[in-house]
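Chemist: Okay, predicted coordinates and the sequence, questions at the end:
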Amino acid sequence: MSAPELPFFVYGTLRPGEVNHDLLLRGRTLREEPARLAGAVLYRGPGYPYAVEEPGGTVAGELVTPRPEAYARLLAELDRLEEYVPGDPRNLYERVEREVRVRGADRLTVSTVRAWVYVAAPGVADRLRARGELIESGDWLVRP
């Protein structure tokens with residue numbers, strides 16, 4: 001069964017201005033909109049962050065809608081970047097469907113959109129909760 005063609009919620013090195021955005025996303029998207037993922041917190045990894053699912057937290061990022069003709073290849077490239085293989089117990093990240101909130105152009109309305117999110121795999125999440133460095137702001141771009 002193939003994965004649904006959902007937009008991606010990105011919160012680290014895939015955000016505009018970050019190194020992997022330029023390498024993988026530039027020129028391959030229809031839209032990139034500020035968004036928030038509720039029910040997760042952000043931990044510092046070695047050069048990149050991990051979103052860890054946690055009630056009460058919020059992670060800032062962008063909702064990225066790929067161009068339809070680029071979707072399949074981009075999905076494969078993002079899975080490779082995140083070293084995600086469906087069902088592999090050695091994954092550092094899991095690609096999951098989650099709802100993210102996007103503020104409308106009027107800055108008043110908020111909509112909810114289903115998106116792919118790469119979150120810390122269960123074993124990684126446990127280690128981060130035990131001894132990881134939490135990014136209090138929930139925003140990789142404003143980390144200290």
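Modeler: Right, received. Where do you want to start? Residues are numbered from 1 along each chain as shown.
Chemist: What about residue 112, how many residues nearby?
Modeler: By other Cβ atoms under 10 Å, the residues close to residue 112 number 11. For glycine as for every other residue, the C-beta is placed from the backbone atoms N, C-alpha and C.
Chemist: Just confirm it is within a helix.
Modeler: No - for residue 112, which was evaluated using DSSP: H, G, I helix; E, B strand; the rest coil, the result is strand, with no helix membership.
Chemist: how close does the residue nearest to it when sequence neighbours are not counted get to residue 79?
Modeler: Using Cβ to Cβ, 6 or more residues apart in numbering and skipping the chain neighbours, the partner closest in space to residue 112 is residue 99 (4.9 Å). For residue 99, the distance to residue 79 (Cβ to Cβ, to the nearest Å) stands at 21 Å.
Chemist: which other residues reach the lowest-mean-pLDDT helix or strand in the chain?
Modeler: The weakest-scoring helix or strand in the chain, judged by mean pLDDT, DSSP states H and E, is helix 19-20 (a mean of 92). Applying Cβ atoms under 8 Å, 6 or more residues apart in numbering, the contact partners of helix 19-20 are 12, 13, 14, 81.
Chemist: So which of the residues you listed belong to helices?
Modeler: Of the positions in these, residue 81 sit in helices, assigned by DSSP state H.
Chemist: residue ranges for the strands of this structure, please.
Modeler: For the chain, the strands defined by DSSP state E cover 8-10, 29-44, 49-66, 93-103, 110-120, 133-134.
Chemist: who does the shortest one pair up with?
Modeler: Applying DSSP bridges, strand 133-134 is found paired with strand 29-44 (antiparallel).
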